[in-house]
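> Predicted model and sequence follow; I will ask about them next.
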Amino acid sequence: MNADGATFNRKRAAIVLLFIFSIFMVLYYILFKERVEFDSDFTDTILWSEAMLTGNGLFDSRMYYAYTLPFGGSLLMMPFVAVFGVGYTAHALGFILFLAIFVFSLYKFFRSMDFSVDYTMAATAIVLLMSLPTKDTRMIMWGHVIHYSLGLLFVMIAMAVYSGIDTKVPAFSKENRKKSLLLAILTALFCTNGLTTILFFCIPFYGAVIMERFVNIKDELFCTENKNTASICTAGLCAAGAGFIISAIVQRLSGVITVYEGMFKTIPAWQEWVWDITERLRIMMVCVAGEISSEIPMESFTGIKVMYMAFISLVIIFIPFIAFCAYRRIENRNIRIYMISYIILLAATLFVYDFSQARGTAHRIVGLYMTALTVTVIFTMWLLKQGALSRFGVLLVILLSVACLFSTYNVASLRGQNRYDSLIAVLKDNDLHRGYAEYWSAQVTTVLSDADITVAPVFISEDGVISPRKYNSRDDQFAAEEGIDRYFVFLSAWEYETTRDTVCRDALEIIPFDEDGYIAVFDHNLF
């Protein structure tokens with residue numbers, strides 16, 4: 001073997017190892033490290049899966065959903081919940097399946113952009129590793145499957161399917177019929193998830209397909225390719241409308257109640273509309289670099305890491321705009337479409353978060369961050385093949401590689417035991433299996449105990465009154481349960497002081513848990 005062949009084989013081996021390592025790191029997080037930072041935000045998908053089983057296979061009319069995503073992670077997790085129950089095992093297995101689908105879709109997505117196998121594996125590895133830098137990104141991507149991660153996944157799947165359609169011949173010709181029909185069916189299924197999926201998938205994808213043809217002034221506006229593209233988009237948008245309407249009808253007939261989704265559909269008073277681009281930049285930096293709970297010396301390892309990841313967040317924000325300088329030189333249609341889809345998603349996200357009740361927080365920006373990251377990786381791979389410009393691609397590879405190392409470190413350095421695992425141990429020692437707690441302590445305890453202890457969420461007012469919080473919970477979770485003669489309420493220090501002379505005066509006993517936790521035990525159900 002000559003020297004060039006040996007170098008090639010070493011390069012291929014290194015890329016394959018990087019690809020495998022990136023998948024391993026996500027698996028490592030899901031199986032071992034996620035439990036350390038697991039909280040009630042992570043429980044949505046598994047609770048919705050349980051509702052599928054307790055309801056009619058899609059919805060449970062007794063459930064107070066945050067929002068409904070019938071074609072999402074809950075569908076993937078449902079078989080595992082049926083076998084293993086509501087617990088961390090089902091959660092982890094569901095996310096391993098989601099990871100497999102995500103990696104396959106990401107691989108096909110990059111291949112649709114004419115990247116080699118080596119470039120595709122490297123690009124996939126960077127995206128996977130950069131999905132892990134902070135709790136916000138880890139929670140959205142690998143903690144629960146909701147519209148932020150689904151929007152990204154659906155666009156990638158649609159792009160991979162669309163890449164196989166020849167727009168120079170009619171959309172439903174013999175050559176295109178299967179792919180065009182598949183795209184329409186998938187669009188209909190995706191849009192059963194409602195308004196948020198239309199916002200994060202349908203509008204960016206189909207809007208970008210249309211805009212890519214519109215801005216291509218080399219072709220006549222009503223040329224054959226544009227007409228064929230219009231036919232594909234018309235079929236897709238009609239399918240999207242059908243999926244949305246069918247889902248809405250089924251939910252209405254099922255008596256589904258949603259609580260959180262209304263935030264995205266509620267326009268506040270004019271004086272509450274906000275447009276603060278600097279705040280959006282700060283939130284994106286928090287998304288990538290993480291929250292800073294106290295002052296950190298710049299020269300410390302943590303300080304260097306935070307500053308570097310904040311810098312990388314700015315790189316990821318601005319590279320997609322720089323990429324548009326090369327738009328006319330980019331020959332691959334799918335790359336151009338995806339670049340435009342990011343701009344549409346950016347506009348849609350900023351509009352919703354600034355001009356609705358949703359408001360932007362770090363975890364709500366993760367979908368936008370992951371899309372910007374993907375555009376950055378795509379542009380990097382494109383630069384590497386551009387001769388003299390390849391040096392800028394190499395520079396971006398180096399910058400992203402260091403960020404991947406920090407991201408990997410952030411996962412590996414997760415330590416300690418989840419507070420609620422300790423709480424579960426205390427509850428089991430005292431033979432307590434049915435109770436209540438404020439939302440952030442309720443659902444997490446149920447899931448981490450594998451539903452051996454079921455905890456329903458409650459409100460605790462300043463007057464010491466405890467009332468049901470019907471959010472991501474069912475009506476029957478607040479009713480007395482046959483065979484249970486002792487109930488508990490888990491209270492923070494403030495909640496205990498607030499309820500000491502009201503609800504807790506009837507308690508059989510008060511069990512101190514930690515410096516900010518008390519367990520009040522009762523011989524009756526509270527409601």
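Thanks, I have the structure now.
> From now on I want contacts and neighbour counts done on CA atoms only, so please keep to that.
Noted.
> Which stretches in the stretch 351-500 of the chain count as helices?
Counting by DSSP state H, counting those that start in this stretch, the stretch 351-500 of the chain has these helices, from start to end: 366-383, 390-412, 419-429, 439-448, 493-499.
> I'd like the ones you listed as TSV, with distance to Trp275 and mean pLDDT appended.
Below are those laid out as TSV (distance: least, Cα to Cα, whole Å; pLDDT from 0 to 100):
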stretch	distance to Trp275	mean pLDDT
helix 366-383	17	97
helix 390-412	30	97
helix 419-429	38	97
helix 439-448	30	96
helix 493-499	36	95
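> Out of those, flag the one nearest Ala125.
helix 390-412 (9.2 Å; Cα to Cα).
> buried residues in that closest one?
Residues of helix 390-412 classed as buried by neighbour count (16 or more other Cα atoms under 10 Å): 390, 393, 396-397, 399-400, 403-404, 406-408, 411.
> now do stretch 100-113
For stretch 100-113, burial by neighbour count (16+ other Cα under 10 Å) applies to 102-103, 105-113.
> do stretch 438-448 as well
Those would be 438-439, 441-448, for stretch 438-448 by 16+ other Cα under 10 Å.
> Output that stretch as PDB, nothing but the C-alphas.
Extracted in PDB, the C-alpha atoms of stretch 438-448 (Å, rounded to 0.1, in the frame of the first residue of the first chain):
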ATOM      1  CA  GLU A 438     -45.400  20.900  43.800                       C
ATOM      2  CA  TYR A 439     -45.100  20.200  40.100                       C
ATOM      3  CA  TRP A 440     -41.300  20.200  39.900                       C
ATOM      4  CA  SER A 441     -41.100  17.600  42.600                       C
ATOM      5  CA  ALA A 442     -44.100  15.500  41.600                       C
ATOM      6  CA  GLN A 443     -43.700  14.000  38.100                       C
ATOM      7  CA  VAL A 444     -40.000  13.400  38.400                       C
ATOM      8  CA  THR A 445     -40.500  11.300  41.600                       C
ATOM      9  CA  THR A 446     -43.200   9.200  39.900                       C
ATOM     10  CA  VAL A 447     -40.900   8.400  36.900                       C
ATOM     11  CA  LEU A 448     -37.700   7.800  38.800                       C
END
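> And the contacts of that stretch?
Applying Cα atoms under 8 Å, 6 or more residues apart in numbering, the contact partners of stretch 438-448 are 38-43, 86-88, 420-421, 423-424, 436, 452-460, 469, 490-491.
> and with 7 Å instead?
39-40, 43, 86-88, 420-421, 424, 436, 453-459 (Cα atoms under 7 Å, 6 or more residues apart in numbering).
> now stretch 516-527
Residues from elsewhere that reach stretch 516-527 (Cα under 7 Å, 6+ apart): 478-480, 485-493, 496, 504, 507-513.
> For the longest helix along the chain, name the packing helices and strands.
For the chain, the longest helix by residue count, based on DSSP state H, is helix 224-254. Packed against helix 224-254, as judged by 3 or more Cα pairs under 7 Å, 6 or more residues apart in numbering; DSSP states H and E, are the following elements: helix 177-190.
> returning to that earlier point: wait, which of the helices of the stretch 351-500 of the chain is closest to Ala171?
Ala171 lies closest, by Cα to Cα, to one member of the helices of the stretch 351-500 of the chain: helix 366-383, at 27.3 Å.
> mind giving me the domain ranges of the chain?
The chain resolves into domains spanning 15-262+303-412, 419-522 when parsed by automatic domain parsing.
> For Cys287, find the nearest of those domains.
domain 15-262+303-412 (5.0 Å).
> Quick check: end-to-end length of that closest one?
Domain 15-262+303-412 stretches 21 Å from its first residue to its last (Cα to Cα, to the nearest Å).
> How far does that domain sit from its chain's centre?
Taking Cα atoms, centre = their mean, to the nearest Å, one finds domain 15-262+303-412 lying 9 Å from the centre of the chain it belongs to.
> same deal with stretch 471-489?
Average the C-alpha atoms of stretch 471-489, do the same for its chain, and the two points are 30 Å apart (Cα atoms, centre = their mean).
> Would you work out how far apart the start and end of it are?
Length of stretch 471-489, first residue to last, Cα to Cα: 18 Å.
> what's in contact with it?
62-66, 259, 432, 434-437, 456, 519-525, 527.
> Keeping just the C-alphas, turn stretch 396-408 into PDB.
Taking Å, rounded to 0.1, in the frame of the first residue of the first chain, the C-alpha atoms of stretch 396-408 are listed here in PDB:
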ATOM      1  CA  LEU A 396     -14.300  26.200  11.400                       C
ATOM      2  CA  VAL A 397     -13.600  22.400  11.900                       C
ATOM      3  CA  ILE A 398     -11.000  23.300  14.500                       C
ATOM      4  CA  LEU A 399     -13.300  25.700  16.300                       C
ATOM      5  CA  LEU A 400     -16.200  23.200  16.400                       C
ATOM      6  CA  SER A 401     -13.900  20.400  17.400                       C
ATOM      7  CA  VAL A 402     -12.800  22.200  20.500                       C
ATOM      8  CA  ALA A 403     -16.400  23.000  21.300                       C
ATOM      9  CA  CYS A 404     -17.200  19.300  20.900                       C
ATOM     10  CA  LEU A 405     -14.500  18.500  23.500                       C
ATOM     11  CA  PHE A 406     -16.000  20.900  26.000                       C
ATOM     12  CA  SER A 407     -19.500  19.500  25.200                       C
ATOM     13  CA  THR A 408     -18.200  16.000  25.900                       C
END
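> what pLDDT does the closest residue to Thr361 other than its chain neighbours get?
Spatial nearest neighbour of Thr361, chain neighbours left out: Ile283 (6.4 Å); criterion: Cα to Cα, 6 or more residues apart in numbering. Note for Ile283: predicted pLDDT of 88.
> Ile283: neighbour count?
Neighbour count of Ile283, defined by other Cα atoms under 10 Å: 22.
> Roughly how far does it sit from His144?
20 Å.
> hang on, the earlier thing: now do the longest helix of the chain and helix 177-190, the angle between them.
Here helix 224-254 runs at an angle of 40 degrees relative to helix 177-190 (axes from the mean of the first three to the mean of the last three Cα atoms, to 10 degrees).
> buried sites along helix 224-254?
225-233, 235-237, 239-245, 247-248, 251, 254.
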